[in-house]
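Q: how would this look folded up:
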Amino acid sequence: MKTIKDVNLSGKRVFIRVDFNVPLDEKHNITDDTRIRFVVPTLKYAIDNKAKLIIASHLGRPKGKVEPKYSLAPVLKCLGSYLGREVRMAPDCIGPEVMALVSSMSDGDVLLLENLRFHPEEEKNDDAFGKELARFCDVYVNDAFAVSHRANASVASITEHAPVSVAGFLLQKELEYFKRAMADPQRPLVAVIGGAKVSTKLAALENMIQRVDKIIIGGAMANTFLKSKGIDVGSSKIEEELVEVAATIIRKASEKGIRLYLPVDAVAADTFSPDAVTKIVPVDEIPKGWMFLDIGPATSLLFSEALYDAKTIVWNGPLGAFEMDAFSRGTMAMVNSLANSHALTIVGGGDTDTAVHKAGEADRITFISTGGGAFLELLEGKTLPAVAALMKAGE
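A: Below is the predicted model of the structure:
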């Protein structure tokens, strides 16, 4: 797979697919510009090398229709301030008006295209749409890791028509860090897996059993594993159809000599609400009708000790309902454990990313992935469709 440094950009029309799917408030102001900041190095590299820079992204889920609330216009000012120059906005992402704007560009100019998902063909990976996008470029660059697990036209079919297709710095960095963590890690390698459902993490767990030395399981998905061990977790959320699967994962881990850690105590609550009555109890003493909403202090200590000798730690998914302060301590304790670790620490997934930033420890984590679904698919051992497309284009 070629990268942006492998091609001459001078005087070229360089089309860079980024992920500017940033959160907006009710007044359409950006509340977190992380995804913009992370691709600035790639964008500045193109500008510094005298490219005509064309930037494409999606925002939200307009479902193939023009929805003004999903316009990329709010990105314009923020992007311009990071790049230190004026950024022009196109009225669409394809068509004669856009081609006229591209044709009038000089070296160093920057043009932001309108939301790709205003066209249904984008998410359908329509070949004609990909070909239309490719008309704007001499060099295509994918720097949108967070959507690279989706076979969309702007990351897949476009590569079949662009003269040259390469990876940007962010995509390259994401893949390199993942390789360091899972393909050739320093050991012990510990995976911390949380979140709500076993079903969404099942493929990842089955793949990681072949690779890791320890697995820590938290979040609501831990309830299903506890149930598989015969523990009554009250009214906690359980995936009954996966109880036997959870038991199989526990057995396979044991057979391979992998230490698998489950919660030993819980912050139990009488209702799923911020003002619920709570108590800390052993996991096998959750009161009838109550639910497990966070790991308890003994579990936090156990998990921290499990990380003590780790050389590589990969974390995906919160360990409790951390969006409510009453149930955030377990997840925050895990953030602190990673921040204080001497290991290579890699965090992926939107909620996990949010927890790290909420704790103010982002600077002490080795690498925070920008992708949720893409990160999870890598954990599952899959090749991302957009990465496969770049590799094919580079053959």
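Q: Point out where the stretch 251-395 of the chain drops to low pLDDT.
A: The stretch 251-395 of the chain contains no residues with pLDDT under 70.
Q: show me where it has strands.
A: 259-261, 265-269, 278-282, 291-295, 312-316, 344-348, 367-368 (DSSP state E, counting those that start in this stretch).
Q: burial measure for Lys77, as a count.
A: For Lys77, the neighbour count with other Cβ atoms under 10 Å is 12. The way it works is simple: take the backbone N, C-alpha and C, and place the C-beta from them, glycine included.
Q: following the helix or strand hosting it, which helix or strand comes up?
A: In this structure, Lys77 sits in helix 75-83 according to DSSP states H and E. Next along the chain after helix 75-83, taking DSSP H and E as the criterion, comes strand 88-89.
Q: next one: whatever helix or strand comes next after that next one to chain centre, how far?
A: Going down the chain from strand 88-89, the next helix or strand is helix 96-103, by DSSP H and E. Taking Cα atoms, centre = their mean, to the nearest Å, the mean C-alpha location of helix 96-103 is offset from the chain mean by 33 Å.
Q: How about residues contacting helix 96-103?
A: 13, 52, 54, 88, 90-92, 111, 113, 135-136 (Cβ atoms under 8 Å, 6 or more residues apart in numbering).
Q: Then stretch 26-40?
A: Residues outside stretch 26-40 that contact it (Cβ under 8 Å, 6+ apart) are 16, 18-25, 69, 73-75, 78-79, 82-83, 143, 146, 168-170, 353, 357, 370.
Q: Which positions within that stretch qualify as buried?
A: 30, 33, 35-36, 38-40 (16 or more other Cβ atoms under 10 Å).
Q: any chance you could map the helices in the stretch 1-150 of the chain?
A: Using DSSP state H, counting those that start in this stretch, the helices of the stretch 1-150 of the chain run over 34-48, 75-83, 96-103, 120-123, 127-134.
Q: Redo the ones you listed as JSON lines? Include distance to Pro274 and mean pLDDT.
A: Shown next, in JSON lines, are the helices of the stretch 1-150 of the chain (distance: least, Cβ to Cβ, whole Å; pLDDT from 0 to 100):
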{"stretch": "helix 34-48", "distance to Pro274": "26", "mean pLDDT": "96"}
{"stretch": "helix 75-83", "distance to Pro274": "32", "mean pLDDT": "95"}
{"stretch": "helix 96-103", "distance to Pro274": "47", "mean pLDDT": "97"}
{"stretch": "helix 120-123", "distance to Pro274": "36", "mean pLDDT": "98"}
{"stretch": "helix 127-134", "distance to Pro274": "45", "mean pLDDT": "98"}
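Q: Let me have the ones you listed in TSV, extended by distance to Gly349.
A: What follows is the helices of the stretch 1-150 of the chain, written out as TSV (distance: least, Cβ to Cβ, whole Å):
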stretch	distance to Gly349
helix 34-48	14
helix 75-83	23
helix 96-103	34
helix 120-123	22
helix 127-134	29
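Q: quick one, which of the ones you listed is nearest to Leu175?
A: Checking the helices of the stretch 1-150 of the chain against Leu175 by Cβ to Cβ gives helix 34-48 as the closest, at 14.1 Å.
Q: Render the CA-only coordinates of the closest one in PDB, please.
A: The C-alpha trace of helix 34-48 is given here as PDB (Å, rounded to 0.1, in the frame of the first residue of the first chain):
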ATOM      1  CA  THR A  34     -10.500  16.000  17.200                       C
ATOM      2  CA  ARG A  35     -11.300  14.400  13.800                       C
ATOM      3  CA  ILE A  36     -10.300  17.600  12.000                       C
ATOM      4  CA  ARG A  37      -7.100  18.100  14.000                       C
ATOM      5  CA  PHE A  38      -5.900  14.500  13.400                       C
ATOM      6  CA  VAL A  39      -5.900  14.900   9.600                       C
ATOM      7  CA  VAL A  40      -4.200  18.400   9.600                       C
ATOM      8  CA  PRO A  41      -0.700  16.900   9.100                       C
ATOM      9  CA  THR A  42      -1.800  15.200   5.900                       C
ATOM     10  CA  LEU A  43      -3.600  18.300   4.600                       C
ATOM     11  CA  LYS A  44      -0.700  20.500   5.400                       C
ATOM     12  CA  TYR A  45       1.800  18.100   3.700                       C
ATOM     13  CA  ALA A  46      -0.300  18.400   0.500                       C
ATOM     14  CA  ILE A  47      -0.400  22.200   0.700                       C
ATOM     15  CA  ASP A  48       3.300  22.500   1.400                       C
END
